[in-house]
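*Asks:* Sequence and predicted structure are below.
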Amino acid sequence: MKASRPSGRAVDELRPVTFQRSYTRYAEGSVLGIFGDTRVLCTASVEDRVPPFLRGSARGWVTAEYGMLPRATHTRMPREAARGRQGGRTFEIQRLIGRSLRAVVELQALGERTITIDCDVLQADGGTRTAAITTGYLALADALRSLGGKLRRDPLHGQVAAVSVGIYRGEPMLVL
């Protein structure tokens, strides 16, 4: 694969990826993910309650919220809250992040706790949903570690990371 992109990366080359853990002070888990020029901040908050459909079940829940800062892209976009409703793209990305993270958590082992992963895109240069899944996993793992002796066993039974691949002019290309 000899073709390259304007950035100079080969079509099978990932962007440089780094993480800064414990990025914020108050959340049980917080990670800044840097994927090339894309920056995503994910925090994991632990609450000793569950949604109504899980009350009394002795099971926990993992959910996610996703958003972009108004100037995360070349032109400013109004906050979705200012428009009064969340867009379909944002809603679907939130669901994807939540489902991806729940897939590696044994909800019984959480007890009746909810972990909310808040993913905020600070700067978008492609791959924001995959960056949010990967960074969100690290924030989740750190939050679970912070629970220490409160859990009988480790709820994490796997790891998750994401990358996207597409076809451009008939050639497979890492899109991240």
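*Replies:* That came in fine, so what should we check first?
*Asks:* Give me the packing partners of whatever helix or strand residue 31 lives in, helices and strands only.
*Replies:* Assigned by DSSP states H and E, residue 31 belongs to strand 29-35. The contact analysis (3 or more Cβ pairs under 8 Å, 6 or more residues apart in numbering; DSSP states H and E) places strand 29-35 against strand 17-21, strand 38-47, helix 128-147. C-betas here are computed from N, CA, C, even on glycine.
*Asks:* What strands flank the second one, and is each parallel or antiparallel?
*Replies:* According to DSSP bridges, strand 38-47 has the following sheet partners: strand 29-35 (antiparallel), strand 114-123 (antiparallel).
*Asks:* Tell me which of the ones you listed is the most buried.
*Replies:* Neighbour counts (mean count of other Cβ atoms under 10 Å) averaged over each of the strands paired with strand 38-47 peak at strand 29-35, with a mean of 24.
*Asks:* what is the orientation angle of that strand with helix 128-147?
*Replies:* 150 degrees (axes from the mean of the first three to the mean of the last three Cα atoms, to 10 degrees).
*Asks:* Find out how far strand 29-35 is from the centre of the chain, if you would.
*Replies:* Here the centre of strand 29-35 is set off from its chain's centre by 9 Å, with Cα atoms, centre = their mean, to the nearest Å.
*Asks:* Compute the inter-axis angle for that strand and strand 17-21.
*Replies:* 160 degrees.
*Asks:* Against residue 57, how distant is the nearest residue to residue 132 once chain neighbours are set aside?
*Replies:* Excluding the flanking residues, the one nearest residue 132 by Cβ to Cβ, 6 or more residues apart in numbering is residue 119, at 3.9 Å. Residue 119 is 26 Å from residue 57, where distance means Cβ to Cβ, to the nearest Å.
*Asks:* Just confirm residue 154 contacts residue 105, I think it does.
*Replies:* No: using Cβ atoms under 8 Å, residue 154 is not in contact with residue 105, being 9.8 Å away.
*Asks:* ok, those two, which is more surrounded?
*Replies:* The neighbour comparison of residue 154 against residue 105 (other Cβ atoms under 10 Å) goes to residue 105, with 23 against 13.
*Asks:* Name the next helix or strand downstream of the lowest-mean-pLDDT helix or strand in the chain, please.
*Replies:* Within the chain, no helix or strand scores below helix 80-83, which has a mean of 72 by mean pLDDT, DSSP states H and E. Using DSSP H and E, the next helix or strand after helix 80-83 towards the C-terminus is helix 88-102.
*Asks:* From the rest of the structure, what touches that following helix?
*Replies:* Residues outside helix 88-102 that contact it (Cβ atoms under 8 Å, 6 or more residues apart in numbering) are 61-67, 80, 117, 119, 128-129, 132-133, 136-137, 140, 160, 162.
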